[in-house]
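K.L.:
Give me the fold of what follows.
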Amino acid sequence: PSAGRRRTGEPEANEDEEDEPTASSSSPSARARQSRGHVRSQTGLSGAGQRVGDEWSGVMDDYVENRGPYSPDMRPLRVPGDVSFREGLEIRTKDDFFTLEFHNLTQLDLRIFDRTGDALHDNFVIPRQRWYFQGQVSPYAYYYTAINRGYGSLDILDSWVDFNFAPKYKAQLQFRVGRMKTPYTYEYIKISESDLIAPERSLFVGNFAGNRQLGVMAHGRVFEQVVEYYVGVFNGPRRSFEDDNNSKDVYTFLNFTPFIHSGIDWLDHLNLGGSVNGGTERNPTQPAQLSTANDQSTSASIINVSPTFLTFNSNAFENGMRMQWSGDLAYYYKSFTMLTGYQGGFQNYSLAGAPVQEIKAFNNGTAAFVGVGSSRRTRVPLEGWSIAATYFLTGEQITRRVYLTEPVRPFGFYNGRLNPGAIELYSRFANLQVGDQIFTGGFANPALWANRANAIDTGVNWYLNHYVRFYFDWQHAMFNNPVLLGTNKFTKHEDLFWFRTQVFF
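P.N.:
As a prediction, the model looks like this:
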């Protein structure tokens with residue numbers, strides 16, 4: 001394996017997938033495959049990349065020709081296929097009309113805390129067990145489904161389809177519909193959960209990113225791949241399957257690689273990103289707790305496995321305008337990576353006359369809010385930033401964080417010696433600040449919680465091979481107020497010693 005293997009996914013990088021021809025060499029699609037390969041596009045997926053780029057024009061010609069003349073009650077064409085494995089298991093028909101890829105993500109954590117208390121305890125935990133099913137049905141539709149079992153129950157994580165109406169221009173414009181990641185911050189939309197620098201995301205992104213919602217989104221890369229854009233309309237509530245009011249949220253994200261064609265090697269993979277989103281909310285608080293080592297799980301058990309520094313009062317709910325923005329910089333050069341971002345925004349909150357979860361049919365729509373709360377709202381500002389840096393001691397080079405790293409010398413006994421795999425050192429500082437209005441407005445108890453937190457993650461990522469990774473992380477979290485750890489037990493800092501095993505293919 002080459003330490004300088006490029007992983008950009010851009011056509012100009014000439015990173016072919018090296019697929020072997022599977023159809024007759026006389027067919028238009030087979031001839032096109034022999035002349036050019038596919039490339040992986042980083043399109044905000046959560047664990048796997050989509051092949052885009054120039055499409056061979058012969059796929060539909062082959063399909064219609066082999067199908068034959070139309071007849072009433074005609075059934076789809078039966079086509080032989082091939083099975084292969086690279087980053088995942090792939091089934092592909094010989095005419096390339098249909099593909100199916102399967103991916104697996106398995107993570108197991110050991111989390112040891114100092115200090116502990118009810119309900120925070122040392123734990124073994126499965127943060128993510130995911131199965132991904134993705135592929136295309138004709139050149140015009142690309143599907144993606146992910147099933148997840150984490151702290152909570154087994155459920156659908158993602159379920160969307162990308163449509164395009166001109167395969168030749170699929171890289172420039174696609175329309176995504178379904179439940180998907182909302183495009184907010186480089187860290188969230190461009191780095192999947194299998195490729196994070198530290199075991200979990202930075203404080204602001206982990207707690208306040210839009211997470212997954214139902215909606216419609218246009219996305220693509222334009223201006224010779226220099227600009228990547230996402231523009232979507234979504235329900236609004238984070239990590240949701242439905243909305244509680246008629247208003248929808250608008251999300252936008254742009255990522256620039258201004259020097260990708262400059263020929264200046266050390267600037268090739270400088271990414272400058274920006275995002276804005278906004279809408280009117282009327283729904284329960286999500287997340288209900290702010291924590292340092294979690295990604296917005298709705299499970300109550302999260303308080304057992306992640307330091308919590310703020311819990312919303314049970315009668316608080318999001319009510320009114322929400323706006324968020326972000327500026328991001330990601331830089332890749334040989335074995336070095338730097339990722340930094342600044343986020344800000346605000347959310348309006350109100351108080352109900354009773355605990356939100358006890359209000360009948362609260363989640364069933366606007367009518368359920370009659371009598372819940374008055375028009376009195378409090379605007380709470382939100383702010384945060386983070387900076388992370390990584391370096392591969394063993395010489396690996398990456399140009400983006402997509403898929404696990406291919407080590408220069410995968411771990412194992414061969415060539416007469418023990419080979420180390422890839423070793424990546426990293427450190428990250430993250431900050432989150434919630435306005436004092438969260439306390440003065442009655443939405444959380446200042447005697448129990450903090451509204452400002454800092455977290456320093458320092459550790460080592462050890463990649464045995466392309467599919468197996470170990471994380472060793474020490475997280476030191478600091479809070480501006482003492483936070484509750486049990487009866488008469490408080491702390492202004494928390495240390496988490498974190499060991500994670502991961503298998504992704």
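K.L.:
what about the strands in the stretch 301-450 of the chain?
P.N.:
Assigned by DSSP state E, counting those that start in this stretch, the stretch 301-450 of the chain shows strands spanning 308-311, 316-333, 336-351, 378-392, 412-414, 417-419, 422-434.
K.L.:
Just name whatever secondary elements the fifth one is in contact with.
P.N.:
Helices and strands in packing contact with strand 412-414 are listed as strand 417-419; criterion 3 or more Cβ pairs under 8 Å, 6 or more residues apart in numbering; DSSP states H and E. Glycine gets a C-beta too; all of them are placed from N, C-alpha and C.
K.L.:
same for the strand it packs on, what does it pack against?
P.N.:
Using 3+ Cβ pairs under 8 Å, 6+ apart: strand 417-419 touches strand 412-414.
K.L.:
which of the strands of the stretch 301-450 of the chain is buried the deepest?
P.N.:
With neighbours taken as mean count of other Cβ atoms under 10 Å, the strands of the stretch 301-450 of the chain reach their highest mean count in strand 308-311, at a mean of 26.
K.L.:
mind checking how far that strand is from the chain centre?
P.N.:
How far strand 308-311 lies from its chain's middle: 23 Å, per Cα atoms, centre = their mean, to the nearest Å.
K.L.:
Now do the contacts for the nearest residue to Gly210 once chain neighbours are set aside.
P.N.:
The spatially closest residue to Gly210, leaving aside those adjacent along the chain, is Thr182, at 3.4 Å (Cβ to Cβ, 6 or more residues apart in numbering). The neighbours of Thr182, taking Cβ atoms under 8 Å, 6 or more residues apart in numbering as the test, are 188-189, 209-213, 215, 232, 234, 251, 277.
K.L.:
what pairs with the residue lying closest to Leu89 once chain neighbours are set aside across the strands?
P.N.:
Nearest residue to Leu89, sequence neighbours excluded (Cβ to Cβ, 6+ apart): Phe102, at 4.5 Å. In this structure, Phe102 bridges to Leu89, Phe133 when assessed by DSSP bridges.
K.L.:
How about Phe175?
P.N.:
Phe175 forms beta bridges with Phe163, Ala218, as assigned by DSSP bridges.
K.L.:
Would you mind measuring from it to Arg130?
P.N.:
Remark: distance between Phe175 and Arg130 (Cβ to Cβ, to the nearest Å) = 25 Å.
K.L.:
Check the offset of the longest helix seen in the chain from the chain's centre.
P.N.:
Secondary structure of the chain per DSSP state H: the longest helix is helix 58-67. Taking the mean of its C-alpha atoms, helix 58-67 sits 36 Å from the chain's own mean (Cα atoms, centre = their mean).
K.L.:
mind exporting that helix as CSV, just the C-alpha atoms?
P.N.:
This file holds the C-alpha atoms of helix 58-67, laid out as CSV (Å, rounded to 0.1, in the frame of the first residue of the first chain):
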residue,chain,number,x,y,z
GLY,A,58,-24.9,3.0,-22.4
VAL,A,59,-26.6,1.7,-19.2
MET,A,60,-30.1,2.6,-20.3
ASP,A,61,-29.3,1.5,-23.9
ASP,A,62,-28.3,-1.9,-22.7
TYR,A,63,-31.3,-2.2,-20.4
VAL,A,64,-33.9,-1.3,-23.0
GLU,A,65,-32.3,-3.4,-25.7
ASN,A,66,-32.1,-6.5,-23.5
ARG,A,67,-35.6,-6.0,-22.2
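K.L.:
ok, then the element right after it?
P.N.:
strand 81-85 (DSSP states H and E).
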